[in-house]
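Novice: Model the following, please.
(chains A and B)
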Amino acid sequence: MKKLLTALLALLFVLNMGIGVAESEPVTIKLMVPSDHLEFMEQLLEPFHASQDEIRVEVDGTASGWDGVATKLITMLAGGEQIDIAAVSTSYYPQFAELGQLLDITDHARETYSEEEYYWSVFEGLMIDDRLYGVPISIYTLVNYYNKDMYDAAGIEYPSLEWGEGAWTMDEWRETANQLTTGEGLDRQYGAWIDYQLERTACFIFPEGLDYWGENLEPRFDDERIREIHEVLYEMLHTDEVMPDADTIDVTGMTQLFADGRVANAIEGTWSHKDFAESGHNIGVCPTPGGLTVGYVDVYIPLSSTEHPEETMAVLDYLISYDACVMKYENDKLGPQVNRKATEDCKDKCFSGLTPEEVDCIFAALDNSRPLTVFPEWGEFLSNSLLPISSLMEIGEYTVDQGFDELQMMANELLGF
Amino acid sequence: MSDRKAAIVYNKKPVNWKHVVLHIVLLCVCVISMFPFVWMISSSLKDSALIFSYPPELIPHPATWSNYPVAWEETGMGRAMINSLIIAVTATVGNMFVSSMVAYGFAKTNFKGKSACFMIVLSTMMIPSQVTLIPLFIIFRQFGWINTYYPLIVPSLFGTAANVFMMRQYMLKIPDDFRDSGFIDGCGHFRIWLQIILPMCVPTLVSLGVLTFMGHWNNYMGPMIYISSREKMTVPLVLRTFQGNYSTQWNLLMAAACIALLPIIALYIACQRFIISGIMLGGIKG
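Specialist: Numbers count the residues shown, from 1 in each chain, chains lettered A, B, ... in the order given. The predicted model follows:
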């Protein structure tokens, strides 16, 4: 009997130890990123794991692209699967916030992210009804990349590096494009390019204080001035042919056209900087015409279904910390970061191929950009209306008026105006 | 000399212009079909600067063979191929086994409501996979199968409507006398299916097997939803890692795609003689 009792006690002791061990196990935070971020994210988390034992981050990088991540995330959330943090694009961020699926981190951000250490304007750009639901992965802006060799050959002065009122105008941009366009057929060199998608061409309407959305998100595709601006771009594309058409871009790709010396100015996001820098040309960067550009912020979102909000916040803090941002700059894959000090310290490590003044110009874009107006239905409107109709105008199937009339109608229907 | 001439004249067959035209058309179709494949191989041997160079080069100079080892090592392609093989082989073998068994039931047995049952089975082909995505996810989550291969294999083990249909069509062509002789020899349905009918269905079984294998090998959506760890990634997931949100490493993607194609090509070559005949025979009702 004694032996049995002793054995029982010993067993209980062992079991108790087991429970003790289980309790001290680190908390696992699940982080979902697009597949092309996977490798870098694992490297980025190595110092975090080495610095503490309480939190382990499991990275899920099986979904490809922002759409893939959103599809997987929606399925997992609908299925009740635990996920703590996900990387999403600007388009999806408001949709998840509106559905109440994100953790409100406003108070934590105000307490933790000081204005000295972080660019608070970026956080403010992510606010929805004055509440913050995520932190920036990286900040991209549209800028004008240009081929200095082509400018030199044509004897044209480089554009100003000043943003705001000191920047060149749309008329000057058009005139330069005309001067730099030469040749015919397959030998044609184009003076300018911007993707004829309305989310990109917003960089021409922002400087005039315009937007596609008015008060209370009332659609403004019927605004005359917005249409006039797009008429100019339409003429440049279809009448003047100073911009490569959609077929040429589809077949060859913008960065390759630039590398082949067939495009002088390209208004493109800083996410493509590496491609331009490796084009083999003497490249330059200057502000978009009008001096107020479009900013894109991809976001790490903490999910409200997390069982470990504190640990989730600790991981988010790390992802935008000085050390992490320095690593991101060294990797040279992501754009400018929200951490001010890391940005100032690493300016010389990023945006290769540019002069220090031009690098400053890119960073100055952060203060001279504004995000697109997005709303919960934005992702749906973008995929089903804005992009397809933009493409129809780009290939000349629709006139500007036809395209904008249809967009106005679709937006009215979607938003109930 | 005249004999030789006569022999030449004798051997000269009249030209069948119909055949010539047919062969020219087939050759054109073949070239068009092969072109994307040739372009993939060509792109896999280019460096990133040459990919979109103008005018395009079909034979890259110089050829960048290093894309292959880089693509293999960067993504853990070897491990992904083993993972895909485990899923595809298990699911295909199980699917063929069960589908043929169900098809036998519909083709060689009689029971009340057989036609209705067959219609119900066929109607499952009409349901888009997107509709069942979330309900299935919830079920598999309840089973604790997330981040395992079970959701990618187990549903196949219940057969698929398309395979059942094709197998049934083929089995209908086999005279019932074979089944009846089995009964006379004392066999039950299971033995008749396994030892008499199944060996006669090899062409269809192999051709459907190849198609099912390809379906699992190329499946992207399923693994994307159910797999979350790097070591369990399958080939389509690995291929997508070369495609970024803002840029794509085309040369490495093409090299990895060439590697990923090898098992499919090997399988196709091994089973080639069965594939066309199997599909054709399955489509003819006897």
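Novice: and chain A, what are its domains?
Specialist: A:23-139+A:297-355, A:141-295+A:371-415 (automatic domain parsing).
Novice: for the last one, how far is the first residue from the last?
Specialist: Domain A:141-295+A:371-415 has its terminal residues 28 Å apart, counting by Cα to Cα, to the nearest Å.
Novice: Let me see the mean pLDDT of that domain.
Specialist: On average, the pLDDT along domain A:141-295+A:371-415 is 91.
Novice: From the chain's centre, how far out is that domain? Work that out for me.
Specialist: With Cα atoms, centre = their mean, to the nearest Å as the basis, domain A:141-295+A:371-415 stands 17 Å off its chain's centre.
Novice: same check, this time on stretch B:20-31
Specialist: 25 Å.
Novice: re the thing from before, for the domains of chain A, which one sits closest to residue B:37?
Specialist: domain A:141-295+A:371-415 (19.2 Å; Cβ to Cβ). Just so you know, the C-beta spots here come from the backbone N, C-alpha and C atoms, and that holds for glycine as well.
Novice: Do the closest one and chain B come into contact?
Specialist: Yes. Among the residues of domain A:141-295+A:371-415, A:186, A:252-253, A:255-256, A:259-260, A:269, A:271-272, A:274-275, A:278, A:280 lie within reach of chain B under Cβ under 8 Å from any Cβ of the partner chain.
Novice: could you dump these to a markdown table with secondary structure and neighbour count?
Specialist: Below are those laid out as a markdown table (DSSP: H, G, I helix; E, B strand; the rest coil; neighbours: other Cβ atoms under 10 Å in any protein chain shown):
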| residue | secondary structure | neighbour count |
| --- | --- | --- |
| A:186 | helix | 9 |
| A:252 | helix | 20 |
| A:253 | coil | 18 |
| A:255 | helix | 20 |
| A:256 | helix | 21 |
| A:259 | helix | 22 |
| A:260 | coil | 17 |
| A:269 | strand | 19 |
| A:271 | helix | 19 |
| A:272 | helix | 18 |
| A:274 | helix | 17 |
| A:275 | helix | 19 |
| A:278 | coil | 15 |
| A:280 | coil | 12 |
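Novice: Tell me which two in those residues are the farthest apart.
Specialist: A:186 and A:271 (28.8 Å).
Novice: can you list the weak-confidence ranges in chain B?
Specialist: Within chain B, the stretches with pLDDT under 70 are B:1-12, B:52-54, B:245-246, B:276-286.
Novice: which stretches of the stretch 101-250 of chain B form helices?
Specialist: B:114-123, B:129-142, B:150-153, B:161-173, B:176-184, B:189-191, B:198-200, B:202-217, B:221-226, B:235-240, B:250-282 (DSSP state H, counting those that start in this stretch).
Novice: okay if I get these as JSON lines plus mean neighbour count and distance to residue A:68?
Specialist: Formatted as JSON lines, those follow (neighbours: other Cβ atoms under 10 Å in any protein chain shown; distance: least, Cβ to Cβ, whole Å):
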{"stretch": "helix B:114-123", "mean neighbour count": "13", "distance to residue A:68": "30"}
{"stretch": "helix B:129-142", "mean neighbour count": "14", "distance to residue A:68": "13"}
{"stretch": "helix B:150-153", "mean neighbour count": "21", "distance to residue A:68": "17"}
{"stretch": "helix B:161-173", "mean neighbour count": "22", "distance to residue A:68": "26"}
{"stretch": "helix B:176-184", "mean neighbour count": "13", "distance to residue A:68": "49"}
{"stretch": "helix B:189-191", "mean neighbour count": "13", "distance to residue A:68": "44"}
{"stretch": "helix B:198-200", "mean neighbour count": "14", "distance to residue A:68": "40"}
{"stretch": "helix B:202-217", "mean neighbour count": "21", "distance to residue A:68": "19"}
{"stretch": "helix B:221-226", "mean neighbour count": "22", "distance to residue A:68": "6"}
{"stretch": "helix B:235-240", "mean neighbour count": "25", "distance to residue A:68": "8"}
{"stretch": "helix B:250-282", "mean neighbour count": "17", "distance to residue A:68": "15"}
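Novice: Any chance of a markdown table for these, columns distance to residue B:86?
Specialist: Output for these, formatted as a markdown table (distance: least, Cβ to Cβ, whole Å):
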| stretch | distance to residue B:86 |
| --- | --- |
| helix B:114-123 | 28 |
| helix B:129-142 | 18 |
| helix B:150-153 | 8 |
| helix B:161-173 | 20 |
| helix B:176-184 | 36 |
| helix B:189-191 | 28 |
| helix B:198-200 | 25 |
| helix B:202-217 | 10 |
| helix B:221-226 | 12 |
| helix B:235-240 | 12 |
| helix B:250-282 | 12 |
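Novice: can you tell me which of those comes nearest to residue A:331?
Specialist: Nearest of the helices of the stretch 101-250 of chain B (Cβ to Cβ): helix B:250-282, 17.6 Å.
Novice: Tell me how many other residues crowd residue A:406.
Specialist: Number of residues near residue A:406 (other Cβ atoms under 10 Å in any protein chain shown) recorded here: 17.
Novice: quick one: the residue in the stretch 151-300 of chain A that chain B sits nearest to and residue B:56, what's the gap?
Specialist: Of all residues in the stretch 151-300 of chain A, residue A:256 sits closest to chain B, at 3.4 Å by Cβ to the nearest Cβ. Applying Cβ to Cβ, to the nearest Å, the value for residue A:256 to residue B:56 is 10 Å.
Novice: Stretch B:40-50: which residues count as buried?
Specialist: By 16 or more other Cβ atoms under 10 Å in any protein chain shown, the buried positions in stretch B:40-50 come out as B:40, B:42-46, B:48, B:50.
Novice: Quote the end-to-end distance of that stretch.
Specialist: End-to-end distance (Cα to Cα), stretch B:40-50: 13 Å.
Novice: Find out how far it is from the centre of the chain, if you would.
Specialist: 27 Å.
Novice: hmm, stretch A:354-369 touching chain B?
Specialist: No. If you take Cβ under 8 Å from any Cβ as the test, stretch A:354-369 misses chain B, and the best it gets is 15.8 Å.
Novice: Now tell me what touches that stretch from outside.
Specialist: Stretch A:354-369 is contacted by residues A:119, A:121-122, A:139, A:141-143, A:161, A:163-164, A:270, A:277, A:283-287, A:291-295, A:336, A:343, A:347-348, A:350-351 when judged by Cβ atoms under 8 Å, 6 or more residues apart in numbering or on different chains.
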